[in-house]
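Colleague: What follows is a predicted structure for the sequence shown.
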Amino acid sequence: MRIMRNVVGQAVNLTKEEMEIYDRQIRITGFGIEGQKKLKSKRALVIGIGGLGSIIATYLTVAGVGKIILVDRDKVELTNMNRQILYNIDDVGKAKARVAAEKLRRMNPYVDVEGVVEEINEDNIDDYVKSVDIVLDGLDNFRTRLLVNDACVRYRRPFIHGAVSGFNGQVMDIIPFKGPCLRCVVPKEPQEESKVVPVIGVTSALVGSIEALEAIKLLTGIGEPLVGYFLVINGLHMRFKTFKVIRRPNCPACGKGISK
Ligand SMILES: [Zn+2]
């Protein structure tokens, strides 16, 4: 069997306790100990630890991804409580990234969770993206999503996009140069993005869970990723639809590399 190594080249092993923690997923055909070691050898970046990020970070943590970096500049507010399930009412006023990291470490001490209180911008995005194997979208605006998309294209990192509004949601996996990027579908951010997005918590949970599932598939190399398809969820009428999307040759982010 091939020896799995982590980012610094050390062989990845699972302790007896880890084998027990992950027992039920190791039993899945095609996942196994090999899949678990792959997860342990990987690093994920979750940008935005709100409604989507709470769910994404929780499921990546319990699944056993080796390192998880959480980035969010915000503090917990009362209006977060209907969906951001990593926080309790007595966390109001505390930095989300710190509270989330502390809770997740308690949930699974075998995962290295780092919480960073910082705003993602043009100056810091590259360093974050370069340092991980996958990036997950827990954001609430397209301006930052496109910034993250472009960095993921530059450094060829998979990016799982997810967004919610009301009872609706959407998901798409971006593997740069293997399928369309977010900018192929959304070339520019909307002129005016509303700062407050109405949403019911379960919609965030649904979309966040799908994002985490896609990440686990990509990190372990099992299944078929949602590349080249846009999944649209209508929760009120309970319809899931996938639309085929293609790379735009003139995409400002991935167009130039069309032959790559
Ligand atoms: Zn593109």
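Modeller: Perfect, I can see it now.

Colleague: Flag every residue of the stretch 101-250 of the chain that's near the ion.
Modeller: Within reach of the ion by Cβ under 5 Å from the ion, the stretch 101-250 of the chain has these residues: 181, 183-184. Any C-beta I mention is one placed from the backbone N, CA and C, and that applies to glycine too.

Colleague: out of the residues you listed, who's nearest residue 42?
Modeller: Closest approach to residue 42 among these (Cβ to Cβ): residue 181, at 21.1 Å.

Colleague: if I pick residue 170, what's in contact with it?
Modeller: By Cβ atoms under 8 Å, 6 or more residues apart in numbering, the contact set of residue 170 is 161-164, 207, 230-233.

Colleague: Does residue 135 touch residue 160 like I think?
Modeller: Yes: when contacts are counted by Cβ atoms under 8 Å, residue 135 is listed as touching residue 160 (7.3 Å).

Colleague: Please say which of these two ends up with more neighbours.
Modeller: residue 160 (28 against 25; other Cβ atoms under 10 Å).

Colleague: so the more buried one, which of the three states?
Modeller: Classification of residue 160 using DSSP: H, G, I helix; E, B strand; the rest coil returns strand.

Colleague: Can you give me the distance of residue 80 to the ion?
Modeller: 32 Å (Cβ to the ion, to the nearest Å).

Colleague: Disregarding residues adjacent in the polypeptide, which is nearest to that residue?
Modeller: residue 87 (6.1 Å; Cβ to Cβ, 6 or more residues apart in numbering).

Colleague: Just the buried residues out of the residues of the stretch 101-250 of the chain next to the ion, in PyMOL syntax.
Modeller: What follows is the PyMOL syntax selecting those of these that are buried according to 16 or more other Cβ atoms under 10 Å:
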select buried, resi 181+183+184
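
Colleague: from the residues of the stretch 101-250 of the chain next to the ion, which single one is nearest residue 218?
Modeller: Out of these, the member with the shortest distance to residue 218 (by Cβ to Cβ) is residue 181, at 15.1 Å.

Colleague: Let's see the pLDDT reported for the closest residue in space to the closest one that isn't next to it in sequence.
Modeller: What sits nearest to residue 181 in space, not counting adjacent residues and going by Cβ to Cβ, 6+ apart, is residue 254, at 4.5 Å. Note on residue 254: pLDDT of 96.

Colleague: wait, residue 254 sits on residue 182?
Modeller: No: with contacts counted by Cβ under 8 Å, residue 254 stays clear of residue 182, the gap being 9.5 Å.
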